[in-house]
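*Asks:* Using only what follows, build the 3D model:
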Amino acid sequence: MQTGDGRVLSLRNELAKWLTNPLVASRALVVFLVATVTVFGNSTGSLPPIGDVNLPVLYGLARWDSGYYLGIATDGYAIFQHGYSFRPLFPLAIRALYPAFPWLDVRSAEVLAGFLWNLVAIGIAAFYLERLTKQLLGPAIASSTLLLLAVYPSTFFFTVIYSEATCILFIVASLYYLEKGRILLAGGLGFLAGLARPEAFLVAIPFLLKGIFEDQKFRKLLAGFTVLASVPAFGVYAYTQTGNILAPFQSEATGPKCTILCFFNNPVYQVANGVLPYTINFVTMILAVIFVAIPLIRGNVSSKLFPYYTWAFVLLAVVFYSGEVRSFARFALVVPPVFWAQAEYSALHLRFFRGLIVVYSVLMCLATILWVNWYPML
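*Replies:* This is a model prediction of the structure:
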């Protein structure tokens, strides 16, 4: 039986271990970059989509789609033409937390609330991701996975006013409890992931495949359909507000974006207007697709990992065809199999791993600088 001092020492050790988790520790670098670039950066000269908030040093946390999340949190969806492209879970977190900062104006309080929520969310997500990866692939792959995700070119989205931290929290928690056999809880958490990001409902794929090929079929299929239910659930909410159950789909289809077809329609113009953003996103997408697709094509993915790699491949295929090209790196950010595959390969190719860490780190710093300065790293 542990004494009081023993419990305190154990708690301190756990806290120290958590703080040195690469995904958690890298938040300090991201915040440093955001703050430094906010103070010393240069504007692109174009009219920013949203105004800066009165939050010294950290107002660069809110750029591009941040305005949608902040506006939805206080005013709901009705004020935005394309608001239904954004799911409600992250705005709800901001809405619940921003009154805790009454000395700030509303917008500044929202940014601070979203920033602090993201720090908590990614901290909990790191806890679940480490344990999930250890269970599936072992401790060495878990460490490499966390390090790759910590320096991934779009990792700053876990810290800024976007919904990625919320999304990956519920995705990895859902998959962790799925592996632990707490299937209905896993389905409920997957449902919440679908209310954080539009594409997150595809995490139902591992549930459905496991329901077909493994035991406890009914529970796994039920949990999979629970995850899928996030799509009609949000549609029903949209119907109560607009009278149109298809409003989320129409908003996503008509929102301004440059898909892969748009890009190749005039690649010279697109690249000339954004060399670095397009380069960063294409490099990360190509690597993600290669490392997920090759094991599936060769058939050397274990039966335990096959449902997860299939989910990753489907999601990347959908994103590649219909997603914003300058968001490729962000879409892959919440898909653990992308990093599992790279970590597994790296275990046998240490030089590749070190090179990949260096390349990702450089691209992450560049991407953060571009985003804070209003370049279209969307």
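*Asks:* Would you indicate which residues of the helix or strand encompassing residue 271 are buried?
*Replies:* Using DSSP states H and E, residue 271 maps to helix 267-272. For helix 267-272, the neighbour count (16 or more other C-beta atoms under 10 Å) marks residue 270 as buried. Any C-beta I mention is one placed from the backbone N, CA and C, and that applies to glycine too.
*Asks:* Tell me how far that helix lies from the chain's centre.
*Replies:* Remark: helix 267-272 is offset 27 Å from the chain centroid, using C-alpha atoms, centre = their mean, to the nearest Å.
*Asks:* Then stretch 359-376?
*Replies:* Counting by C-alpha atoms, centre = their mean, stretch 359-376 is centred 16 Å from the centre of its parent chain.
*Asks:* Go through it and flag the buried ones.
*Replies:* 360-361, 363-376.
*Asks:* Now go through those residues and say which are in strands.
*Replies:* Within these, no residue falls in strands by DSSP state E.
*Asks:* circling back to that earlier point, which helix or strand lies directly C-terminal to the helix holding residue 271?
*Replies:* According to DSSP H and E, the helix or strand after helix 267-272 is helix 275-298.
*Asks:* So which other helices or strands are in contact with that following helix?
*Replies:* Here helix 275-298 touches helix 306-322, helix 328-332, helix 336-348, helix 350-372, going by 3 or more C-beta pairs under 8 Å, 6 or more residues apart in numbering; DSSP states H and E.
*Asks:* Name the residues that touch the first one?
*Replies:* Residues from elsewhere that reach helix 306-322 (C-beta atoms under 8 Å, 6 or more residues apart in numbering): 136, 175, 199, 202-203, 205-206, 209-210, 259-260, 285, 288-289, 292-293, 295-296, 301, 327-328, 331-332, 335-338, 340-341.
*Asks:* The nearest residue to residue 55 once chain neighbours are set aside: what secondary structure?
*Replies:* Spatial nearest neighbour of residue 55, excluding adjacent residues (C-beta to C-beta, 6 or more residues apart in numbering): residue 108 at 4.6 Å. The local conformation at residue 108, judged by DSSP: H, G, I helix; E, B strand; the rest coil, is helix.
*Asks:* Can you name the residues that contact residue 108?
*Replies:* 53-55, 59, 101.
*Asks:* if you set the cut-off to 6 Å instead, what comes out?
*Replies:* Shown in contact with residue 108 (C-beta atoms under 6 Å, 6 or more residues apart in numbering): 53-55.
*Asks:* Below-threshold pLDDT in the chain: ranges please.
*Replies:* Residue ranges of the chain with pLDDT under 70: 1-19, 43-47.
*Asks:* In which helix or strand does the nearest residue to residue 214 once chain neighbours are set aside reside?
*Replies:* Spatial nearest neighbour of residue 214, excluding adjacent residues (C-beta to C-beta, 6+ apart): residue 220 at 6.8 Å. Here residue 220 sits within helix 217-228, counting by DSSP H and E.
*Asks:* thinking again about what came up before, just name the most buried of the helices and strands packed on helix 275-298.
*Replies:* Of all those, helix 328-332 has the most neighbours on average by mean count of other C-beta atoms under 10 Å, namely a mean of 26.
*Asks:* Which elements pack onto that one?
*Replies:* If contacts are counted by 3 or more C-beta pairs under 6 Å, 6 or more residues apart in numbering; DSSP states H and E, helix 328-332 sits against helix 275-298.
*Asks:* If we use 10 Å, what do you get?
*Replies:* helix 275-298, helix 306-322, helix 336-348, helix 350-372 (3 or more C-beta pairs under 10 Å, 6 or more residues apart in numbering; DSSP states H and E).
*Asks:* residues touching the nearest residue in space to residue 183 that is not next to it in sequence, list them.
*Replies:* In space, and not counting its chain neighbours, residue 183 is closest to residue 219: 4.4 Å by C-beta to C-beta, 6+ apart. Residues counted as contacts of residue 219 (C-beta atoms under 10 Å, 6 or more residues apart in numbering) are 181-184, 186-187, 207, 210-211.
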